[in-house]
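Student: predicted coordinates and the sequence they were generated for:
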Amino acid sequence: MAITVYNTLSGKKEPFEPLRPGHVGIYLCGPTVYKPSHIGHAVGPIIFDTIKRYLTFRGYKVTWVVNVTDVDDKLIDEAARQGTTTVELGRRVLADYLAAMKKLNIGYPGDDRAPGDLRTAGGGIDHMPKASEHIGDITRIIQTLINRKHAYVLGGDVYFDVTSDPDYGKLSHRSIEDQEGQRELKSGDKRHPGDFALWKAAKPDEPDEVKYDSPWGKGRPGWHIECSAMSARLLGETFDIHGGGMDLVFPHHENEIAQSESATGRVFAKYWLHHGLTRFNTKKVSKSDTSPEAVAAMKRMTLHNLLAELTPEHVRFFVLSTHYRRPIDFSDDNLEATKKGLERFYTLFERVQRETGRSVYEAVDRAGPLGGSGSSGDPGSEHHAKFVEAMDDDFNTAGAIAALHDAVSPINALMDRGGATPDDVLSLAGGLMQRGRLLGLFLIPPAAAPAASDKKLGEVMQVLLEVRQRLRKKKDFETGDFIRDALTRIGITLKDRPDGTDWKVE
Ligand SMILES: [Zn+2]
C-alpha cells in the first residue's frame, strides 16, 4: 500500500515517491520571533512532527527543517517598542517557542533530552536555521537572480521581476494580473506592482544589528528569500515536502518557488502540504473585543498558558483530531469533546493496569516502538490496518484517531467477559498504545497517573539531593553537576535555593 498526499501544486492527491528512495526532506516555514507563540504556532509543528513519526515508522529516514525568521519588520518594530534589541527579543521569543516544543514532545536541535528519548523518538526537528546566520547564502541567490535577469536593483533595494517567470502563480493558481495582495505595492518605481523585495535597503532609523553588508549596500533580506536560501542549504535545491499554513500559499510560497526555480532552473519542492488555520470560536472572546474579560481570554490563547491549562497531550490530541487540511475550530465545545475522547483512552489504560497488575506504558516501553516497514505490532488486527490506511491517505490523523477509538470497546469487552490472560489484554492495549505513539500520543502517563509513584520518586529525589549536597561540601562540584545534568536529561530540573534545592518534573 502506498502513501498518498494532497499536493497544493497539482490540486490533487498523488502517490508519495520521495526523490531519493528511503529518504525524505521536509521544510516547514517556522516562526517570526517577535511575540509569544499562540496555539496557531503549534499547529504546524504538531502536524509535521506527526508526519515525520509516521514516515519514520514506514521506514523512511526523514530530515525536517523549521526556519526561524529573526530579521523582519515586525521584529524591528516590536524591539523598538519594548526598548530592547532585535537580538534580545528574538532570543527570548525563540526560547518561549522551544519551551512549548519541549512540552509537546517535539524534539529540536539543542534539546537536552538524550538522543533516542522515547518522547521524541521518530519525530523531532533536525535543523532550525536562523535568517541572520544565512545572509551569505541569501545574497548569493539574489546575485544569481540579478545575473539571470530575474531581479533588478532599485536604489539599495532588490526586487524580483515577476514577469520574468512564466510559471509565476502556479501554486496559488493566480495570474500575474491579479497580484493585488502584494505587500510592496506602495513602491511606485517597481517595474510591476507584483514585484517583491529580495533585499531591503537599510533605513536610517533602523538598529545597526539588522544592517547587513551586501553588493547593493547595507540592508536586510526580504522574508521570502530566507526560505529559498535555507532550504537549499539544508535539504538541497530540490527536496520532497514543503509545508506551511494555508495563509502562506500566496504570496510567501509562490514567491519562494519563483525565486528558487528561477535561480536554479530546477523544481524547488515536489509536494506542497498546507494545513488549515485556527479559527477562534470560544464563547468568551472575539478578536475585536477589548474588554478586560476578552483580553484575559486572549491571553489564554498563548501557547504557554494553554499548555498549562490543557496539558500538552490534550493540545496535541485536539490538533490531530481534525484532518490537517481543514481549519481547526478552537472552541470550548471542541476542547471539551477532545478532552473526553482522550480520557476514554486513559480510563482504558488504568483499567488494564488494575486488571492485569501491569502498566501498559511500561509494557510498551519495554517492547519498543513499532518499527521499520510497519510490519511489526499487531498487523493482523483490523484496527491496525484501519489506522495505517487512514495515515497512508494523506496523513488523515482524524481517521487514525477514529481507528484508535474503535479498538477501545473490544478490549473493554474482553475484560468484561473475563477469562482472557493478562498477556492477551496487555497485548491488545499495548498495540493500541503503540499506534497512538506514532501520533506522538500516550508517550508518558498523564500527569494524574504518576501520583502513585510520586511518593517513591520524592523519596529517591531526597536521597539524590542529599548525596549532591555532601559532594558539594567536599568541593566535588563536578560530580554534583553530573547529577544535576543527568536529571535534566530525564526531565527533572533542580533549582538551588539558599536553604536547599527544589526539583520539578518538566
Ligand atoms: Zn517560508
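Tutor: Sure thing, it's come through.

Student: the stretch 401-506 of the chain: strands as residue ranges?
Tutor: Taking DSSP state E, counting those that start in this stretch as the test, the strands found in the stretch 401-506 of the chain are 492-497, 500-505.

Student: and the ion, which of these is closest to it?
Tutor: In terms of C-beta to the ion, the element of those nearest to the ion is strand 492-497, at 33.5 Å. Where you see a C-beta, it was placed from the backbone N, CA and C, and this is true even at glycine.

Student: pull up the pairing partners for the closest one, direction included.
Tutor: Using DSSP bridges, the strands paired with strand 492-497 in its sheet are strand 500-505 (antiparallel).

Student: which residues are contacting the partner strand?
Tutor: Strand 500-505 has contacts (C-beta atoms under 8 Å, 6 or more residues apart in numbering) with Leu457, Met461, Leu465, Arg468, Gln469, Leu487, Gly491, Ile492, Thr493, Leu494, Lys495.

Student: check the strands of the stretch 401-506 of the chain for me: which has the lowest mean pLDDT.
Tutor: Across the strands of the stretch 401-506 of the chain, strand 500-505 has the smallest mean pLDDT, namely a mean of 71.

Student: just the buried ones from the contacts of strand 500-505?
Tutor: Neighbour-count burial (16 or more other C-beta atoms under 10 Å) applied to those gives Met461, Leu465, Arg468, Leu487, Ile492, Leu494.

Student: and Lys35, how far from the ion?
Tutor: Distance check for Lys35 against the ion: by C-beta to the ion, to the nearest Å, it reads 18 Å.

Student: hey, where'd the helices end up in the stretch 251-400 of the chain?
Tutor: 254-264, 292-300, 303-310, 312-320, 332-356, 360-367, 382-392, 397-417 (DSSP state H, counting those that start in this stretch).

Student: may I have the fourth one as CSV, with CA atoms only?
Tutor: Provided in CSV are the C-alpha atoms of helix 312-320 (Å, rounded to 0.1, in the frame of the first residue of the first chain):
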residue,chain,number,x,y,z
PRO,A,312,0.3,19.3,26.2
GLU,A,313,-1.1,15.9,25.3
HIS,A,314,-4.6,17.4,25.1
VAL,A,315,-3.4,20.2,22.8
ARG,A,316,-1.7,17.6,20.5
PHE,A,317,-4.8,15.3,20.5
PHE,A,318,-7.0,18.3,19.8
VAL,A,319,-5.0,19.4,16.8
LEU,A,320,-4.7,15.9,15.4
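
Student: angle of that helix against helix 332-356?
Tutor: Here helix 312-320 runs at an angle of 120 degrees relative to helix 332-356 (axes from the mean of the first three to the mean of the last three C-alpha atoms, to 10 degrees).

Student: who are the packing partners of helix 312-320?
Tutor: helix 39-57, helix 303-310, helix 332-356, helix 397-417 (3 or more C-beta pairs under 8 Å, 6 or more residues apart in numbering; DSSP states H and E).

Student: just put these in TSV and tack on mean neighbour count and mean pLDDT.
Tutor: Listed next are the helices and strands packed on helix 312-320 as TSV, based on neighbours: other C-beta atoms under 10 Å; pLDDT from 0 to 100:
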stretch	mean neighbour count	mean pLDDT
helix 39-57	24	96
helix 303-310	18	85
helix 332-356	16	93
helix 397-417	17	94
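
Student: export the ones you listed to CSV and tack on distance to Tyr108?
Tutor: CSV is the format used below for these (distance: least, C-beta to C-beta, whole Å):
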stretch, distance to Tyr108
helix 39-57, 9
helix 303-310, 14
helix 332-356, 24
helix 397-417, 21
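
Student: who wins for proximity to the ion among these?
Tutor: helix 39-57 (10.9 Å).

Student: in the following helix or strand past that closest one, which residues are buried?
Tutor: Counting by DSSP states H and E, the next helix or strand C-terminal to helix 39-57 is strand 61-66. By 16+ other C-beta under 10 Å, the buried positions in strand 61-66 come out as Val62, Thr63, Trp64, Val65, Val66.

Student: and the following helix or strand past strand 61-66, which residues are buried?
Tutor: Going down the chain from strand 61-66, the next helix or strand is helix 73-82, by DSSP H and E. For helix 73-82, burial by neighbour count (16+ other C-beta under 10 Å) applies to Leu75, Ile76, Glu78, Ala79.

Student: cool, stretch 213-231 as well?
Tutor: Applying 16+ other C-beta under 10 Å to stretch 213-231 flags 214, 216, 219-231 as buried.

Student: so which of the helices of the stretch 251-400 of the chain comes closest to Gly116?
Tutor: Of all the helices of the stretch 251-400 of the chain, helix 360-367 sits nearest to Gly116, with 12.5 Å by C-beta to C-beta.

Student: what angle sits between that closest one and helix 332-356?
Tutor: 70 degrees.

Student: just the residues contacting helix 360-367, thanks.
Tutor: Residues contacting helix 360-367 (C-beta under 8 Å, 6+ apart): 118, 349, 352-353, 426, 429-430, 433-434, 437, 442, 444-445.

Student: how about those, which pair is most distant?
Tutor: Counting by C-beta to C-beta, the most remote pair of the contacts of helix 360-367 is Leu118 and Val352, 19.2 Å apart.

Student: ok, now which ones touch the spatially closest residue to Gly156 that is not a sequence neighbour?
Tutor: Excluding the flanking residues, the one nearest Gly156 by C-beta to C-beta, 6 or more residues apart in numbering is Ala201, at 2.7 Å. Taking C-beta under 8 Å, 6+ apart, we find Ala201 in contact with Gly155, Gly156, Asp157, Trp216, Gly217, Lys218, Gly219.

Student: ok, the fifth one touching Ala202?
Tutor: Yes. Counting by C-beta atoms under 8 Å, a contact exists between Gly217 and Ala202, whose distance comes to 7.4 Å.

Student: anything in contact with each of these two?
Tutor: By C-beta under 8 Å, 6+ apart, Gly217 and Ala202 have these common neighbours: Gly156.

Student: circling back to that earlier point, output the strands of the stretch 401-506 of the chain as CSV; include the columns distance to the ion.
Tutor: Shown next, in CSV, are the strands of the stretch 401-506 of the chain (distance: least, C-beta to the ion, whole Å):
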stretch, distance to the ion
strand 492-497, 34
strand 500-505, 36
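
Student: which residues touch the residue of the stretch 51-200 of the chain found nearest the ion?
Tutor: Ranked by C-beta to the ion, the top residue of the stretch 51-200 of the chain for proximity to the ion is Asn67, at 6.5 Å. Taking C-beta under 8 Å, 6+ apart, we find Asn67 in contact with Tyr27, Cys29, Gly30, Met128, Pro129, Lys130, Ala131, Glu226, Cys227, Met230, Ser231.

Student: contacts for the helix or strand hosting the last one?
Tutor: Think Ser231. Element membership for Ser231 (DSSP H and E) is helix 223-235. With C-beta under 8 Å, 6+ apart as the test, helix 223-235 has contacts from 25-27, 29, 32, 63, 65, 67, 69, 71-72, 127, 129, 131, 134, 137-138, 140-142, 196, 198-199, 221, 239, 242, 251-252, 255-256, 259-260, 263-264, 268-269.
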